[in-house]
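Undergrad: missing the sequence, but the structure's below:
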């Protein structure tokens, strides 16, 4: 791994296909960083507004909301970010309001390649570089990125725009953002997967694609990895009972359920090992947590598991 | 568990089957299994996937899934115990290749075509613009249906929140073509834009000068030049988009919504189904994928397990039996939770047709596995 462990990078992007638990992993990571004493901001950019619900808070778009001590959450809305950006650039409020109301302007921004991604990334960058009283406002920022294809597009957009735009403030900003995004000491990319064949294959492809584009992919997290309380000798005995003709239905069903647990753990361990081998990056493992509702302690348990994993903290976590 | 709906039979005779749903629920597998079932019954079928699906390619026995159709070897299907009366072709959407062909077909002459294909904004645009992929999916669908090579096209759509984008893509394209934004970008030089440009109020000019201040003149010039090079082709784009929209709304089409038995995807499936129903799209069925079956034993306790395990030579039969009993309770709780989710789905949508597929350890990696999913979808 080039560069410091994930927990020491200021900006972490959490990427993954839909349905893999990306939002949960981002929240668990942000919670862990906050608990470790970092002033942390968790940013959701996919427009789904699920983060606050994980912490039992109503969604917020305007200002960061403190969801736990030292941990703030914010949903970045591309339209709103565009307006904010215009306000900063144009400095004339009536002009900004005219632009925001203009349908033509919205159509132009929709047609301009990747503008909404650029503005979103620009907003993240503004927050990452915000300074108050000589110190950074945020020690750590965790970005819950859109599902993989789009997530990578978000990371690439600054470079694309820099190459396309000849001059002007957008080009300069794109260039500045691009340098931070690609800096392995500043930025880390986490790829989230589930312990399933297809999900692992896609995660490996995402890692390879990002590596080919020189994006600082740091580690992977496999979410929902099953473990088994059954040893090898026990599995043999369970198999004998399950295959025994004439065993009562409930007894056979219990043996089969236990075997499914054992087989599931073997399967998941194989997927995790395959991901580490094929992607060539450290892999952190998260257990199955059935209840993630705010009062259940499920998210806290995931956060503790994540922060103590050597793949996240570089071996000295805990 | 829901009764034995024959979803493949329900879809027979349609020209388009659109498979939609949240990310990670197994849409691609369900699309392929439905396509396999339709082909088995005698239709000439094309299944189009949008995401790279290497596993699906291997499940179908195809080396590399690409923009051109690949025929699934009927011998493989028959070896999996399934008759193959029709044909099954699989392809993966390549937005760039589709866009290139669209340009080649609609360009008035070679010079216009080369100008577009050589424009540096073009290469970025087709990949980066939000909705371009969805629009190209619609365009590819048009091509395949129009080709006459297929009785039915099964389309695996982009994941969920964008499933709605997919439906909006043709309309968005039309709106954009007819809208002021395009005219502004085209500027007064363009034939199509000239009248519109003059008609604009002062606000329009200001919009452009502000955008130019932000992006630099060069980018705007490039985009404008790029859009101008399409001049005269927009009408064609717009017409094709409308044609697909009409087809998607007609009785020739069925929408299948795929979900999993968990609160989140079920909520998304309910929203998607309602949206489709409100917009009068022809609904087929909901597929609940990866449902945990009810374990055996009819709910009674495994009282005799410790003795049986002792007989099988387990070191600590009592402790092991207790842990196995816990595993059984957990499996029963999972099955009950799945039933609960399916009941809330059925209740929220006033009992739509529902097909179920049981949970498999992995998505199918060979035709035999896919055929098993097909049989489940046939209610067998």
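TA: Structure received. In this text, all values refer to a predicted model and were calculated from it rather than measured experimentally.

Undergrad: any weak-confidence spans in chain A?
TA: Applying pLDDT under 70 to chain A flags the ranges A:1-2, A:46-48, A:86, A:88-96, A:98-115, A:148-150, A:165-166, A:314-318.

Undergrad: Tell me, how many residues neighbour residue B:64?
TA: Close neighbours of residue B:64, defined as other C-beta atoms under 10 Å in any protein chain shown, add up to 8. Glycine gets a C-beta too; all of them are placed from N, C-alpha and C.

Undergrad: does the residue nearest to it when sequence neighbours are not counted sit in a helix or strand, and which one?
TA: Nearest-residue entry for residue B:64: residue B:57, 6.6 Å, with adjacent residues in sequence omitted and distances by C-beta to C-beta, 6 or more residues apart in numbering or on different chains. Remark: residue B:57 resides in helix B:54-59, with elements defined by DSSP states H and E.

Undergrad: Relative to the following helix or strand past that helix, what are the paired strands and their orientations?
TA: Going down the chain from helix B:54-59, the next helix or strand is strand B:70-71, by DSSP H and E. Partners of strand B:70-71 in the sheet, by DSSP bridges, are strand B:87-92 (antiparallel).

Undergrad: helices or strands next to the helix or strand just after the strand it pairs with in the packing?
TA: Remark: after strand B:87-92, the chain's next helix or strand is helix B:95-106, criterion DSSP H and E. On a contact count with 3 or more C-beta pairs under 8 Å, 6 or more residues apart in numbering or on different chains; DSSP states H and E, helix B:95-106 meets helix B:110-118, helix B:120-128, helix B:132-147, helix B:234-249.

Undergrad: what is the mean pLDDT for the helix holding residue B:57?
TA: What helix B:54-59 shows for mean pLDDT is 72.

Undergrad: surely residue B:67 meets residue B:95?
TA: No - if you go by C-beta atoms under 8 Å, residue B:67 and residue B:95 don't touch, sitting 9.5 Å apart.

Undergrad: residues contacting residue A:62?
TA: The contact partners of residue A:62, by C-beta atoms under 8 Å, 6 or more residues apart in numbering or on different chains, come to none.

Undergrad: Could you look up the SS state of it?
TA: Classification of residue A:62 by DSSP: H, G, I helix; E, B strand; the rest coil places it in coil.

Undergrad: I'd like the distance between it and residue A:80.
TA: For residue A:62, the distance to residue A:80 equals 8 Å [C-beta to C-beta, to the nearest Å].

Undergrad: what sits in contact with each of these two?
TA: Common neighbours of residue A:62 and residue A:80, using C-beta under 8 Å, 6+ apart, do not exist here.

Undergrad: one step back: just give the number of residues close to the residue nearest to residue B:64.
TA: Neighbourhood size, residue B:57 [other C-beta under 10 Å]: 19.

Undergrad: Let me see the contact set for it.
TA: Residue B:57 sits next to B:63-65, B:90, B:92 when contact means C-beta under 8 Å, 6+ apart.

Undergrad: got those residues as CSV, with distance to residue B:256 and pLDDT columns?
TA: Listed next are these as CSV, based on distance: C-beta to C-beta, whole Å; pLDDT from 0 to 100:
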residue, distance to residue B:256, pLDDT
B:63, 28, 74
B:64, 27, 76
B:65, 21, 77
B:90, 17, 93
B:92, 19, 87
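
Undergrad: Please indicate which of these are buried?
TA: Buried members of these, counted by 16 or more other C-beta atoms under 10 Å in any protein chain shown: B:65, B:90, B:92.

Undergrad: For the second one, name its beta-bridge partners.
TA: The one in question is residue B:90. Taking DSSP bridges as the rule, residue B:90 bridges to residue B:47, residue B:70.

Undergrad: Show the residue spans covered by the helices in chain A.
TA: Using DSSP state H, the helices of chain A run over residues A:22-35, A:51-54, A:78-90, A:93-101, A:103-111, A:115-129, A:148-164, A:169-181, A:197-212, A:232-242, A:249-279, A:298-307, A:310-313.

Undergrad: Any idea which of the helices and strands packed on helix B:95-106 gets closest to residue A:140?
TA: Closest approach to residue A:140 among these (C-beta to C-beta): helix B:120-128, 28.9 Å.

Undergrad: ok, is stretch A:227-237 in contact with chain B or not?
TA: Yes - taking C-beta under 8 Å from any C-beta of the partner chain as the criterion, stretch A:227-237 and chain B are in contact, through A:229-230, A:233-234, A:236-237.

Undergrad: An error on my part: the question was meant for stretch A:272-289.
TA: No - using C-beta under 8 Å from any C-beta, we find that stretch A:272-289 stays clear of chain B, coming within 10.3 Å at best.

Undergrad: Can you give me the end-to-end span of that stretch?
TA: Length of stretch A:272-289, first residue to last, C-alpha to C-alpha, to the nearest Å: 17 Å.
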